[in-house]
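**Q** this is a predicted model, with the sequence first.
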Amino acid sequence: MNMETESLQNDFDNAFAGISQVREAFTPALTPREVGAIASVATGIAKVSGLPGVGFDELLAFPGDVLGIAFNVDADEIGVVLLGDYSHLHAGDEVERTGRVMDVAVGDGLLGRVIDPLGRPLDGKGPVASSKRLPVERPAPPIMDRAPVTVPLQTGLIVIDALIPVGRGQRELILGDRQTGKTAIAIDTIFNQRGNNVLCVYCAIGQRASAVAKAVANLREKGAMDYTVVVVAEGNDPPGLAYIAPYAATSIAEYFMEAGRDVLIVYDDLTHHARSYRELSLLLRRPPGREAFPGDIFYIHSRLLERATHLRKELGGGSLTALPIIETEAQDISAYIPTNLISITDGQIYLSPSLFELGVLPAVDVGKSVSRVGGQAQLAAYRAVAGGLKLAYAQFEELETFSKFGARLDADTRKTIEHGRRIRACLKQPEFSPISVPAQITLLLALTAELFDLVPLDRMTEAQQALREAADIPADVRGRLNTAEKLSDEDSRTIIEIARKSLARFQPKLEPKKKP
């Protein structure tokens, strides 16, 4: 028994000797912490004193796990944009430097998730799985790293794919007054990427929670959330979150682009983004300029949209296509923010309230809309059939306005107007019903061959539906429509013949003339 006690005593002595050796050898490392104090708190911002080593755009930690971004770095104080609920913050509270810039979680684990700009989940599905983070502000790819836009991004909307085409890597602005269907075009485009190997990021900035919930519900219902990330800064969130939201969403999209994937990003909408930045700037006493926006408002949008591009093959060949949305007031596209964005982007899709009220949906004003890049990427089949369509439609709109004055019209003018009305009817398309490329080409060929001109206007929707369902286009012709090959005369004749048979029952039968 004594031997056991002695053995145990030796074990204890050895253990304590080892502990004391380690304790004597350990010298605690002193890590300096730079701590400041809140001088004042206002709506979404804080003024902080101290922190002499802080850098511009550095992340600062406030009590209660609230983060802030150093926005104004002045000699005597720092203006900080707060990124969370600041109701519990008071003057005198401690502020600490983090030594890093604002970043966001990226990776495949974000697909199908709804998150805020800080990467926190909003869909109640638990934490976001991610092993990598990227800064929200990143330099745009240099010119030498970019490749031309050569592949189309099919929206499924015939008016856009035929007349205002968008290419992968392009920036196409969607603008129009409130309630003209801007978001509907973006959501339809996301739906149409199903099966096209394009990932999507939908960034909602300053939207009502109900509007965002409806958009997410539609994406879930159509199965589009499988390849979509939704980044949300709601209207009642602090302005700082609305400000960083599009940058965070772009970093998430860039991760996929740099992995060689094709990505579509929708900013809905940048009007709210500009307003939140104006609010922050005015609160931080930056000088106001035109329409009370600060002088650098152009720069915040240009550095965001310059990140959308098509990378060279050596860098993976990925692309990032941007569809920024902005809201005009009383159709004023010459206001400050719309003109800024029109000059930054590669074209615009303008939605007209008057067309919307007439029930022409999507309400795209073809005359004011333009694509400065997508025509180069458009499929060759479209170029063959849609070339004269825009001109014919423009002539019709002018003649229709003229005919409203009750002038007598000759037969040729009446024919142009009737043909134009059929073009307008074919460009109408209900929400959530994208049209495939072969169906679009068939419709356009039937239009250019004037097969619809004998169809009564009240039966146009029925006739289009019948033509779309005509599935007897030969497989080899259908395959050629999706390639860059030019549409051959033989293929055109085949499709027109199929269209003629499909539309025959909608055209009035001409009664034979009775003999006198």
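**A** Nice, thanks for sending it over. Residues are numbered from 1 along each chain as shown.

**Q** which stretches of the chain have low pLDDT?
**A** Across the chain, the stretches falling below the confidence threshold (pLDDT under 70) are 1-4, 406-407, 470-471, 484, 509-516.

**Q** starting at the chain centroid, how far to the lengthiest helix in it?
**A** The longest helix of the chain (DSSP state H) is helix 2-25. Computed by C-alpha atoms, centre = their mean, to the nearest Å, the chain-centroid distance of helix 2-25 equals 67 Å.

**Q** likewise stretch 79-95?
**A** The answer for stretch 79-95 is 32 Å, by C-alpha atoms, centre = their mean.

**Q** then that stretch to CSV, C-alphas only?
**A** Output for stretch 79-95, consisting of C-alpha atoms alone and laid out as CSV, is shown next (Å, rounded to 0.1, in the frame of the first residue of the first chain):
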residue,chain,number,x,y,z
GLY,A,79,-17.2,59.4,-39.5
VAL,A,80,-18.5,55.8,-39.4
VAL,A,81,-21.3,54.2,-41.3
LEU,A,82,-23.2,51.7,-39.1
LEU,A,83,-24.2,48.3,-40.4
GLY,A,84,-26.8,47.2,-37.9
ASP,A,85,-29.2,48.2,-35.2
TYR,A,86,-27.6,51.2,-33.4
SER,A,87,-30.4,52.0,-30.9
HIS,A,88,-28.3,50.7,-27.9
LEU,A,89,-25.2,52.8,-28.8
HIS,A,90,-24.5,55.9,-26.8
ALA,A,91,-21.8,58.6,-26.7
GLY,A,92,-18.8,57.3,-24.7
ASP,A,93,-19.2,53.6,-25.7
GLU,A,94,-16.0,51.8,-26.7
VAL,A,95,-15.0,51.3,-30.3
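
**Q** report the separation between His419 and Glu221.
**A** For His419, the distance to Glu221 under the criterion C-beta to C-beta, to the nearest Å works out to 38 Å. In this view, the C-beta of every residue, glycine as well, is placed from N, C-alpha and C.

**Q** neighbour count for these two, which is higher?
**A** Using other C-beta atoms under 10 Å, the more surrounded residue of His419 and Glu221 is His419, with 18 against 10.

**Q** got the contact list for the more buried one?
**A** Contacts for His419 (C-beta atoms under 8 Å, 6 or more residues apart in numbering) come out as 392, 396, 450, 453.

**Q** now the helix or strand in which it is found: buried residues?
**A** Taking DSSP states H and E as the criterion, His419 maps to helix 411-427. Using 16 or more other C-beta atoms under 10 Å as the burial criterion, the residues of helix 411-427 that qualify are 416-417, 419-427.

**Q** kindly report the same for stretch 232-246.
**A** Judged by neighbour count using 16+ other C-beta under 10 Å, the buried positions of stretch 232-246 are 232-234, 237-246.

**Q** just stretch 368-378 next, same as before
**A** Going by 16+ other C-beta under 10 Å, stretch 368-378 has these buried residues: 369-371, 373-375, 377-378.

**Q** report the two of the residues you listed separated the most.
**A** By the measure C-beta to C-beta, those have their two most distant members at Ser369 and Ala377, which lie 16.6 Å apart.

**Q** follow-up on the earlier one: of the buried residues of stretch 368-378, which belong to helices?
**A** Using DSSP H, these in helices are 374-375, 377.

**Q** distance to Ala308 for these - can I get that in TSV?
**A** Formatted as TSV, the entries for those read as follows, by distance: C-beta to C-beta, whole Å:
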residue	distance to Ala308
Gly374	13
Gly375	18
Ala377	14
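
**Q** just the closest of these to Ala213, please.
**A** Within those, the smallest distance to Ala213 is 32.0 Å, found for Gly374 (C-beta to C-beta).

**Q** what's near enough to touch the residue nearest to the closest one when sequence neighbours are not counted?
**A** Spatial nearest neighbour of Gly374, excluding adjacent residues (C-beta to C-beta, 6 or more residues apart in numbering): Pro165 at 3.6 Å. Pro165 makes contacts with 152, 371, 374-375, 377-378, 382, as judged by C-beta under 8 Å, 6+ apart.

**Q** nearest to Ala39 among the buried residues of helix 411-427?
**A** Leu427 (58.3 Å).

**Q** how near is the closest one to Ala386?
**A** Counting by C-beta to C-beta, the gap from Leu427 to Ala386 is 11 Å.

**Q** which residues do those two both contact?
**A** Common contact partners of Leu427 and Ala386 (C-beta under 8 Å, 6+ apart): Leu163.

**Q** beyond the host helix or strand of Phe71, next helix or strand please.
**A** With secondary structure defined by DSSP H and E, Phe71 is part of strand 66-73. Elements were assigned by DSSP H and E; along the chain past strand 66-73, the next helix or strand is strand 78-82.

**Q** and that following strand, how far out from the chain middle?
**A** The chain centroid and the centroid of strand 78-82 are separated by 28 Å under C-alpha atoms, centre = their mean.

**Q** from the contact counts, what lies against that strand?
**A** When contacts are defined as 3 or more C-beta pairs under 8 Å, 6 or more residues apart in numbering; DSSP states H and E, strand 78-82 sits against strand 45-49, strand 58-62, strand 66-73, helix 239-258.

**Q** for Gly107, find the nearest of those.
**A** Within the helices and strands packed on strand 78-82, the stretch nearest Gly107 is helix 239-258; the backing value is 6.7 Å (C-beta to C-beta).
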